[in-house]
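Enquirer: need coordinates for the below:
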Amino acid sequence: MAFSRFLFLIVMLFSLGWSASGHAASKTSASIVGTWYGAHGKSITFKKDGTINYHGKKYYYAVSSGGFIQLKGKKSDLTIPFLLSKGKLTLTEGGVMTVYTRHR
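Expert: Numbers count the residues shown, from 1 in each chain. Coordinates of the predicted model:
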């Protein structure tokens, strides 16, 4: 199980066009880990193990330095444009931007 998760993440990283060194992707991925809070009490937690619970479903995630978060679930996949700037995470879904902040 752990090996298949690892293999899946490696395949996703290369399919998103990241370089073999992955320096930019690693910095972005590491900086997004944690719990982010949005309006109306919504929160998203990016875990170090590469998983996220998003809209009540468990996904594996990969973050590209090109501004996309790729979510892979059992029955569905999502690609979400994002911007990480000045301590704020902005996700865009269906043309709607949601801003999240992380409390440290």
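
Enquirer: can you give me the helices in the chain?
Expert: 2-15, 23-32 (DSSP state H).

Enquirer: ok, of those helices, where does mean pLDDT dip lowest?
Expert: Across those, helix 2-15 has the smallest mean pLDDT, namely a mean of 47.

Enquirer: quick check: which ranges of the chain have low pLDDT?
Expert: In the prediction, the chain carries residues with pLDDT under 70 at positions 1-28, 104.

Enquirer: let's see that with 80 instead.
Expert: In the predicted model of the chain, residues 1-30, 65, 103-104 satisfy pLDDT under 80.

Enquirer: which strand in it runs the most residues?
Expert: Of all the segments of type strand in the chain, defined by DSSP state E, the longest one is strand 77-85.

Enquirer: now do the buried residues in it.
Expert: Across strand 77-85, burial judged by 16 or more other Cβ atoms under 10 Å covers 78, 80, 82, 84. The way it works is simple: take the backbone N, C-alpha and C, and place the C-beta from them, glycine included.
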